[in-house]
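In: here are the coordinates; sequence isn't available:
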């Protein structure tokens, strides 16, 4: 894949770096879904600049990569629904988990799972994201991937399957496919299986045994990936798993799975965005018309009057926000960049990005900058401050496929996937 002696020399030097110096990006939007990387990554790249390596993928996907140790993992699918004119059979759908060396891009291993149950037909909204939209998650020892009606799978980092769990057939819900991603917290895997069984399910990471299940009809219509937040209850800490659902925000006791509190949320009958957590506060945006809310964690029962800190009539249908240095940032599906004061909800700016680009990926932050990946117009880099400033717009000219995945950031690199390829973008 490297085409010059210089690049091969750079690769050799990178191989000498100790792995202890490399940070992980263990799930969708990084540690606890914060979408923030502590170091810097390039602000400019192209097809022949600042790309350390690139690899072709066997099929499309909208899932994000995850990074653990010296590995980069990503999912894709083949066999059915790979193009809008695809006429293949649903039974031929196969999901793939691919593991690459994070320094060289060489393939370490690949595992394929044939569909075990018919997925929603490839039409309508499913054509916008496909059948590999759930991002892998890792606890540093194992990697977990969700394949919708085929279930949740666990592998060790050598690619050996450890267990799988059936989380439902989705027969009673929306019919728009699967998209939520698993998270791992304290040896427990938590999966929003609302599109499969209208449930939030916690499983033992080592065995796949169910720890608890929270089930309710109101979960239908959410593809939100949950976050864990630390709350204070009468001076005592309590860990809460917080999930956005249509019209509300729900918080569950991490230990028991019991509903701890709920509050008014995004005014929409479907929810695609994920929450972001600050110290004792959760933030959610969403809705076609636009809606945003900040809620203080903790409490009991309906806390809409006591714990909702602010609401705002701005939002996003698919991309989720990032909380960075006291402000919330995001770019909406229609290419409008927003900045809100996280304490007050006041809009600092609302600016349309040039190029009339559309967005599915969520913004990530690194080194005082924001990275917003558009579907077809490249990646926009903005200053992460409450005054709008566009730094660069970066496109890879020889890849005109859909870039719908939120990137992963680690060891000074941005790991970007399209429907065709996985890229490692970093300065040589």
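Out: Nice, I can see it. Bear in mind that the values here come from a model prediction, so they are computed numbers and not experimental data.

In: hey, what's residue 184 bridged with?
Out: Note on residue 184: beta-bridge partners by DSSP bridges are residue 189.

In: pLDDT (mean, whole number) over stretch 271-291?
Out: Mean per-residue pLDDT for stretch 271-291: 93.

In: buried ones in that stretch?
Out: Residues of stretch 271-291 classed as buried by neighbour count (16 or more other Cβ atoms under 10 Å): 271-278, 281-287, 290-291. For the C-beta atoms, the positions are set from N, CA and C on the backbone; glycine is no exception.

In: helices along this protein, start to end?
Out: Ranges of helices within the chain are 5-15, 126-129, 194-197, based on DSSP state H.

In: quick check: bridge partners of the residue nearest to residue 409 when sequence neighbours are not counted?
Out: Once flanking residues are discounted, residue 409 sits nearest to residue 37: 3.7 Å by Cβ to Cβ, 6 or more residues apart in numbering. Residue 37 forms beta bridges with residue 366, as assigned by DSSP bridges.

In: what about residue 37, neighbour count?
Out: By the criterion of other Cβ atoms under 10 Å, residue 37 has 24 neighbours.

In: against residue 31, how distant is it?
Out: 9 Å (Cβ to Cβ, to the nearest Å).

In: before we move on, what about residue 358?
Out: Residue 358 is 28 Å from residue 31, where distance means Cβ to Cβ.

In: and those two? which has more neighbours close in?
Out: When neighbours are counted by other Cβ under 10 Å, residue 358 comes out ahead of the other of residue 358 and residue 31, with 17 against 14.

In: any idea what residue 295 is bridged to?
Out: Beta-bridge partners, per DSSP bridges, of residue 295: residue 282, residue 308.

In: next one: it from residue 389, what distance?
Out: 30 Å.

In: so which of the two has more stuff around it?
Out: Between residue 295 and residue 389, counted using other Cβ under 10 Å, the more crowded position is residue 295 (29 against 12).

In: how much space separates the more buried one from residue 283?
Out: Distance from residue 295 to residue 283, by Cβ to Cβ: 8 Å.

In: what of residue 206?
Out: For residue 206, the distance to residue 283 - Cβ to Cβ - is 32 Å.

In: got it, and residue 393?
Out: Remark: distance between residue 393 and residue 283 (Cβ to Cβ) = 27 Å.

In: low-confidence ranges in this protein?
Out: 1-22, 172-174 (pLDDT under 70).

In: list the buried residues in the lengthiest strand in it.
Out: Looking across the chain with DSSP state E, the single longest strand is strand 236-245. By 16+ other Cβ under 10 Å, the buried positions in strand 236-245 come out as 238, 240, 241, 242, 243, 244, 245.

In: count of neighbours near residue 308?
Out: 16.

In: surely it and residue 264 touch.
Out: Yes - if you go by Cβ atoms under 8 Å, residue 308 and residue 264 touch, sitting 6.2 Å apart.

In: check the contact lists of those two and give me the overlap.
Out: Common contact partners of residue 308 and residue 264 (Cβ atoms under 8 Å, 6 or more residues apart in numbering): residue 293.

In: residues in contact with the closest residue to residue 102 other than its chain neighbours?
Out: Take residue 102 and drop its neighbours on the chain: the residue closest to it by Cβ to Cβ, 6+ apart is residue 72, 4.7 Å away. Residues near residue 72 by Cβ under 8 Å, 6+ apart: 65, 66, 99, 100, 101, 102, 408, 415, 422, 424.

In: gap between the last one and residue 54?
Out: This means residue 424. The value you get for residue 424 to residue 54, if Cβ to Cβ is used, is 7 Å.

In: ok, the fourth one next?
Out: Here residue 100 is placed at a distance of 11 Å from residue 54 (Cβ to Cβ).

In: just want to know which of the two has more residues nearby.
Out: Ranked by neighbour count (other Cβ under 10 Å), residue 100 and residue 54 place residue 100 first, with 24 against 19.

In: how about the strands in the stretch 201-350 of the chain?
Out: Assigned strands in the stretch 201-350 of the chain, in chain order: 210-215, 227-233, 236-245, 248-253, 259-264, 276-278, 281-286, 291-296, 301-302, 308-312, 322-324, 327-331, 336-341, 347-352 (criterion: DSSP state E, counting those that start in this stretch).

In: quick one: closest of those to residue 58.
Out: When the strands of the stretch 201-350 of the chain are compared by Cβ to Cβ, strand 327-331 sits nearest residue 58, at 29.6 Å.

In: so for that closest one, what gets flagged as buried?
Out: Of all the residues in strand 327-331, those buried under the rule 16+ other Cβ under 10 Å are 327, 328, 329, 330, 331.

In: what angle separates that strand from strand 336-341?
Out: Put simply, strand 327-331 runs at 170 degrees to strand 336-341, going by axes from the mean of the first three to the mean of the last three Cα atoms, to 10 degrees.
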